[in-house]
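Student: Need the 3D shape of this:
(one chain, ligands or ions: 1)
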Amino acid sequence: MSEVRRQVALPPRPNLAWQDAAACRGTDIVLFFGPDGERQPERDIRERKAKLVCAACPVRAECLTYAVSRPEKYGTWGGLNEDERASERRRRMRRANAA
Ligand code: SF4
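Tutor: Numbering: from 1, shown residues only. You can find the predicted model right below:
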């Protein structure tokens, strides 16, 4: 009896080894994603604190590249918040299309 195999093309798994060196390892995740119902003034303060951690992170570039290459809609990644990442994503797409 023959066996029919289906092959599904899965996207390559991202290499997440850079996360081992992340400066945010062990910090409270709320600092990077914020609580539900957060008001803008508190959000601004929280994001500033998160960005300070990111500024000293040795894998900031890897983190940002990871975040802008996937639909990470929320949180602070690579030192950028959601809106800033959306701008960065568009900038990278424009650069790639111009090449
Ligand atoms: S850049 Fe920021 S969010 Fe990304 S791994 Fe480093 S500390 Fe964490």
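Student: The residue nearest the centre of the chain and Pro14, how far apart?
Tutor: Nearest to the geometric centre of the chain sits Ala67, at 2.8 Å (CA atoms, centre = their mean). Distance of Ala67 to Pro14, computed by CB to CB, to the nearest Å: 11 Å. Using the backbone N, CA and C atoms, a C-beta is placed for each residue, glycine as well.
Student: so what's the residue nearest to the residue nearest to the centre of the chain when sequence neighbours are not counted bridging to?
Tutor: Among residues not flanking Ala67 along the chain, Trp77 sits closest, at 3.4 Å (CB to CB, 6 or more residues apart in numbering). As for beta bridges, Trp77 partners with Leu80 under DSSP bridges.
Student: Provide a list of residues in contact with Trp77.
Tutor: Taking CB atoms under 8 Å, 6 or more residues apart in numbering, we find Trp77 in contact with Phe32, Cys63, Leu64, Tyr66, Ala67, Arg85.
Student: Which other helices and strands does the one helix or strand the third one maps to contact?
Tutor: In this structure, Leu64 is located in helix 60-68 according to DSSP states H and E. Taking 3 or more CB pairs under 8 Å, 6 or more residues apart in numbering; DSSP states H and E as contact, the helices and strands that helix 60-68 lies on are helix 82-98.
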